[in-house]
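# I would like the atomic coordinates for the input below:
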Amino acid sequence: MRAENHTPGRRPLDAASLRRAALCPDGLWREIEVVPSTGSTNADLLARARRGEPAGVVLAAEEQTAGRGRMGRGWVSPPRAALTFSVLLSPGVPPARRGWLPLLAGVAAAAAVTEVTGVQARLKWPNDLLAGTVLAGEGKLAGILAEAAGDAVVVGIGLNVSTEPAEFPRLLAAPGPGALPATSLRAAGATALDREELLLAILSGFERWYRAWQQAGGDPDRSGLRQEYVRWSATIGRTVRAELPGGQALSGPAVGVDSDGRLLVRVSSGAEVPVAAADVVHLR
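Residues are numbered from 1 along each chain as shown. Predicted coordinates:
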C-alpha cells in the first residue's frame, strides 16, 4: 500500500459503506458503484443510459484517465486525490429547464463542502465551485458537467480534495488570462478531507433539491432553487465578461439567472441579455 493511502483524503472509497448510508427503498439513488479507474464516469453512464439503464445510479472512480469538462476540456487528478463521480437521472421536466441541473448540483456541492470541510465554497456560473475571495484570490475546487442521452441526463462532478499544488498539471495550475487557477480542499485549509463523508453529503443535498425541483416541474422559483443558487453565487452581482461561442463577447453586471438557468448580463443599453453557453470571466 502506498503512503498516500494513509491520508484521510486518499483512502479508497468503500462502496458497501456508501450503499448502507445512502440507499433506501424510496430514495433517489438505487445503486452506488466504485471503480478503481475509468476514462470518464460521465461517458460510462451515458453509454449505459443509451442501453436502457434506469435512473438512480451513482458511479464513482478513484481515477479518471479521460475526464472531461465543459467544451471538451480535459480534467485530470492523481488517484484518490479527488472525488470524481457521476449520477444518472431521468428528470421528466421540460427540456429547457434541464439547464438548472448543473446549477442544482453546484448548490448541493457548495453546501456539502462548506459544512463538511469548513471551506467557504461559492459558485461561478455555470459549473465551477470556487474557494477563496476576490481580494485574496479565487481558485477552482470543482467542475460540473451535465450531458443528455435522450430523456436521460448524466451529471458529473470532479472535486479536488487532497491534491497538492505541485500535482496539478501546469496548464491547470497556471491557466490563461481570465481563467481561475486550480485549487483543492487541502490547499484551501479544509478541516476534514473524508471523501466518503463529502460524497454522502453531496448526494443527500442533491436528492433534496432534485426532488423539490422535479416536483415543481423544473420551476426554479416554486422549488426554491433559484433563491438558493443566488445565495451561493459568486457571479451574480459581479461585473463579468461572457465570451460567447464564435468569438463574440459581452460585458456588464451579472444580475441573475432566468427560469432556464441562463445567466442574465446587463449590457450598456440597459437590456438584460440571457447567456446560455459562455466562458464567464469575473472582472475586478
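
# Going by C-alpha atoms from here, please, whenever you check contacts or count neighbours.
Fine.

# Mind listing what's buried along the helix or strand hosting residue 18?
Assigned by DSSP states H and E, residue 18 falls within helix 15-22. For helix 15-22, the neighbour count (16 or more other C-alpha atoms under 10 Å) marks 15, 18, 19, 22 as buried.

# How about stretch 268-281?
Neighbour counts over stretch 268-281 (16+ other C-alpha under 10 Å) mark 272, 273, 274, 275, 277, 278, 279, 280, 281 as buried.

# show me where the stretch 101-250 of the chain has helices.
101-117, 170-173, 195-215, 225-232 (DSSP state H, counting those that start in this stretch).

# Report all helices and strands that the third one contacts.
This points to helix 195-215. Other elements packing on helix 195-215 under the criterion 3 or more C-alpha pairs under 8 Å, 6 or more residues apart in numbering; DSSP states H and E are helix 15-22, strand 82-89, helix 101-117.

# and the ones you listed, which is most packed in?
strand 82-89 (a mean of 25; mean count of other C-alpha atoms under 10 Å).

# what residues does stretch 162-169 touch?
The contact list for stretch 162-169 (C-alpha atoms under 8 Å, 6 or more residues apart in numbering) reads 9-10, 76-78, 81-82, 173, 182-187, 193.

# let me redo that: stretch 19-33
15, 18, 56, 57, 58, 59, 60, 200, 203, 204, 207.

# Mind doing that once more with 6 Å?
Here stretch 19-33 makes contact (C-alpha atoms under 6 Å, 6 or more residues apart in numbering) with 56, 57, 58, 59.

# what residue ranges in this structure score low on pLDDT?
Along the chain, segments meeting pLDDT under 70 span 1-9, 67-76, 134-136, 169-179.

# where along it do the strands fall?
Here the chain has its strands, by DSSP state E, at 31-35, 57-61, 67-68, 74-75, 82-89, 121-124, 128-133, 137-149, 152-160, 239-243, 249-257, 263-266, 272-275, 279-282.
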